[in-house]
Every structure is written in structure tokens, then in C-alpha cells.
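1. please work out how this folds:
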Amino acid sequence: MRDKPVLLLVPGLMCDATSWGVVPSGLPDFDCRVIDHGQADSLVQMATQLLAQAPARFALAGHSMGGRVALEVMRLAPERVTHLGLFDTGHLPKPVGEAGEEEVRKRMALLAIAREQGVRAMAAEWVKGMVAPQRLSDAALIEDILAMFERKSADTFQRQLRALIQRPDATPVLQAVQVPTLVLCGELDAWSPPAQHQAIADCIPARPAIVAVSGGGHMVMQEQPEPVLQAMRGWLFSHKGLAC
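-> Have a look, this model is predicted:
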């Protein structure tokens, strides 16, 4: 019996398998494996760790910070990736000047809450902008997200924030992508909006599929699992032989 093709799922900031929702169970034709960033404090280190535990060839999807990790994988070893998924993410470095300083200030304010009041308190503030507004009253969804963050420490948060703040410009990586690519986000993602994903797609010469999921925010795989799965099936089964 032939082995299933491997799909590596790369979570975002302070996230784990919970953030991918039903994606692994909804793709039974693939061996889905969720990556753990461990103690890494740079995107390159996260990508290097991923490659060390990955098979020779694999499909790859990254969410939020995980999308940036996926782009570093493409920088380091593009020949090993059969399909690329970039979800609710970005590709540009920290802005220069006041905009960059404001980004750091906001991130450090969240870190201060995590240090002084606990990670759950920080997550309760963070989540307000990370799901679609109408889902803020969904107690089960919000609890899943808060509990996921609470499983990580403030030290982990600091390390991952450092990785994000020091992120490189991934534009040249996108311009070299030649594999089937899905660029997807929640239509209501306030942090990584659809226009940002159109800019990502515009950099990729291989004509990626681009999807803005109706009713979804930044945590789109948990918020709107069925449209996400539909988009992923179309992406993974395009040129499926490449993933096998």
C-alpha cells in the first residue's frame, strides 16, 4: 500500500493543532502533521527545525506566523515542497519608522499583560481582533482559543514575538514560487486582510488560487472549517501527483 502524501501544517503565534480545527481529519488522503516550534526564536530556526523532521517531499501550509515560516522553508529548500498554502499571513518585513515602532509597542504591551496578568489574560485581549466580530459571542470557540494560548508560556510568547519582529522580506521568495499555491484568509481578518493576500498572490508567478472566506476572521480554520477544507481540497488535488 502506497504511503499517503505528507501535509505539514504550521501554526501561528502561540498556536498549536487546535488552530487547524478539523483540517487534519477533513483531509484523510493526506498524512497531516502539525508542527511545534518548540523554543525557537527566529523564523529561520523554525524553518530549519521543520525541515529536519520533514520527509524528502511534502505539501506545506502555514497560518499567520506559520505562513512566514513556510516562506522561510521555501527560501531554504524549495525543491522539497510540492504545494504551498499561505493562510492569514504576510510577507513584508516590519515597517521602518513610526509604523514599525507602533507595531513593536503594541506587541510589547501584550507581552506585558502576559507577564503581569498571565497568558490567558493576554489572550482575552488579543482574541478581540482575531475572530470575526459576530463570533466573539461564541463561547466554545473563544474558550478553545484562550485554552490554546494558555498552554504556552510568556517566555514562548516573547520568543515568538522576537521572531515576528525580526521577520525578513519574503518578496523574493514569493517571486520564485513555482508549485501549486493557495493564498487564503478570512474575509473579515482585520490583522491580515484580503488586500494583503492579493498583494502576496500578485508576487507569485505561478498564478496561485486566492480565497477570502466569507464570515471568517484571522482564525479562519476554526471559524469557517468547511469553506477552508473545500479550498484546501481543490489546492491539494490540483497536480496531485506532485504531492505523492
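
2. quick one, what contacts the spatially most central residue of the chain?
-> When CA atoms, centre = their mean is applied to the chain, the residue found nearest the centroid is His63 (1.2 Å). By CB atoms under 8 Å, 6 or more residues apart in numbering, the contact set of His63 is 9-12, 15, 19-20, 87-89, 221. Using the backbone N, CA and C atoms, a C-beta is placed for each residue, glycine as well.

3. who does it form a beta bridge with?
-> Phe87 (DSSP bridges).

4. could I get the pLDDT score of it?
-> You'll see His63 listed with a pLDDT of 98.

5. next: Ser238.
-> Ser238 is assigned 74 on the pLDDT scale.

6. might one say that Pro93 is in contact with Arg167?
-> Yes - taking contacts as CB atoms under 8 Å, Pro93 lies within contact range of Arg167: 5.6 Å.

7. next, count neighbours for the residue nearest to Ala56 when sequence neighbours are not counted.
-> Of all residues not flanking Ala56 in the chain, Arg80 sits nearest, at 6.4 Å (CB to CB, 6 or more residues apart in numbering). Using other CB atoms under 10 Å, Arg80 has 15 neighbouring residues.

8. state the phi and psi torsions of Arg80.
-> phi -90, psi -10 (degrees, to the nearest 10).

9. quick revisit: which of the contacts of His63 count as buried?
-> Buried members of the contacts of His63, scored by 16 or more other CB atoms under 10 Å, are 9-12, 15, 19-20, 87-89, 221.

10. ok so Glu98 is a helix residue?
-> Yes - counting by DSSP: H, G, I helix; E, B strand; the rest coil, one finds Glu98 located in a helix.

11. numbering from 19 from now on, please.
-> Fine by me, first position is 19 from now on; the one you just mentioned is Glu116.

12. Gly147: what's it in contact with?
-> Contacts of Gly147 by CB under 8 Å, 6+ apart are 208-209, 236.

13. and it, what pLDDT?
-> 93.

14. make JSON lines from the contacts of Gly147 and add neighbour count and distance to Lys124 to it.
-> Listed next are the contacts of Gly147 as JSON lines, based on neighbours: other CB atoms under 10 Å; distance: CB to CB, whole Å:
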{"residue": "Ala208", "neighbour count": "14", "distance to Lys124": "13"}
{"residue": "Trp209", "neighbour count": "16", "distance to Lys124": "11"}
{"residue": "His236", "neighbour count": "27", "distance to Lys124": "15"}
